[in-house]
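Enquirer: prediction below, plus the sequence it came from.
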Amino acid sequence: MSFDVKTFRRAMGCFATGITVVTAASADGGEPFGVTINSFASVSLEPPLVLFCLARSSRLSPDMIATRSFAVNVLAEDQAPLSMHFARSDSQRRWTGVAAGRHDDGTPLLAGCLAHLHCTTEAIHDGGDHVIVVGRVQSLDWQHDGHPLLYVRGRYGRLGDLFVPVAAPGDVPAVPAVTTVETVSGDAVAMTGEASRSPQGPSGTAPPKWATPSR
Ligand SMILES: Cc1cc2nc3c(=O)[nH]c(=O)nc-3n(C[C@H](O)[C@H](O)[C@H](O)COP(=O)(O)O)c2cc1C
């Protein structure tokens, strides 16, 4: 590979996500699980499927998630502390002071979230040092109002009322001018927008770097 793990993480950090906490009851009646997860995505409408990627080393191990239902708690913009709390592996008393209700089967549902998706595990796929957990949504609740907690370039953020709608996916866009640039590997890549207008790239920064894994 022509890049290391740090570079890979930084590149992935450009992709803004929301934040969820995946919760599940313990099988033996012990303390439930809660893990901060931003690799969450919807998969299918019919049937309603979602996915998230879970580190093989997680407390909530792939073996455990395979055998029980779980909830995806979508965090609101004022819940960064909860995200940090459930990302810690050293917390002794994880649920002390955490406001949460329970689904009928005991799965914790965190208070104050924008949405809760209660899921049964549909499939688990290999994903390198993670597994890809596909869940079938069995029930849900969600809020019409409220803003999501965001995560980009390793920082939490919020949009609040600053969100500026640019377009809806159904809108017909005006196609911007396209410029062709060379990558380090010599392939031609079409670029649009700021980067195509300035040889320095957006906002006078260095031109984009193209790194490719060696085959
Ligand atoms: C913003 C953020 C997003 C995260 N997303 C994921 C994720 O998608 N998948 C995952 O397995 N761990 C993710 N983590 C790491 C876990 O929340 C947790 O830190 C890790 O599992 C260590 O805890 P454990 O070993 O006790 O489970 C994320 C952490 C943070 C702070």
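Expert: Structure's in. What do you need? Everything quoted here is computed from the prediction, not taken from an experiment.

Enquirer: figure out how far the longest helix anywhere in the chain is from the centre of its chain.
Expert: With secondary structure taken from DSSP state H, the chain has its longest helix at helix 5-12. From the chain centre to the centre of helix 5-12 is a distance of 15 Å (Cα atoms, centre = their mean, to the nearest Å).

Enquirer: after that helix comes which helix or strand?
Expert: strand 17-18 (DSSP states H and E).

Enquirer: now that next one: mean pLDDT?
Expert: Confidence over strand 17-18, taken as the mean pLDDT, stands at 98.

Enquirer: which neighbouring elements make contact with it?
Expert: strand 150-152 (3 or more Cβ pairs under 8 Å, 6 or more residues apart in numbering; DSSP states H and E). Backbone N, C-alpha and C define where each C-beta goes, glycine included.

Enquirer: hmm, the very next helix or strand once past the strand it packs on in reach of the ligand?
Expert: Going down the chain from strand 150-152, the next helix or strand is strand 155-157, by DSSP H and E. No. If you take Cβ under 6 Å from any ligand atom as the test, strand 155-157 misses the ligand, and the best it gets is 7.6 Å.

Enquirer: buried residues in strand 155-157?
Expert: residue 156 (16 or more other Cβ atoms under 10 Å).

Enquirer: check which helices and strands it is in contact with.
Expert: Right, strand 155-157 is packed against strand 150-152 by 3+ Cβ pairs under 8 Å, 6+ apart.

Enquirer: who's in contact with the strand it packs on?
Expert: Residues from elsewhere that reach strand 150-152, judged by Cβ atoms under 8 Å, 6 or more residues apart in numbering: 13-19, 38, 77, 83, 156-159.

Enquirer: about what we covered before: near the ligand, anything from the longest helix of the chain?
Expert: No. Using Cβ under 6 Å from any ligand atom, helix 5-12 never reaches the ligand; the gap is at least 10.6 Å.

Enquirer: quick check: mean pLDDT across that helix?
Expert: 96.

Enquirer: stretch 70-78 now?
Expert: 97.

Enquirer: what does it contact?
Expert: By Cβ under 8 Å, 6+ apart, stretch 70-78 touches 18-24, 37, 40, 50, 52, 82-83, 103, 107-110, 112-119, 121, 135, 142, 146-150, 158-160.

Enquirer: and those residues near the ligand, which?
Expert: 19, 37, 52, 83.

Enquirer: which one (most neighbours) among those residues?
Expert: Tallying neighbours with other Cβ atoms under 10 Å puts residue 19 at the head of these, with 25 neighbours.
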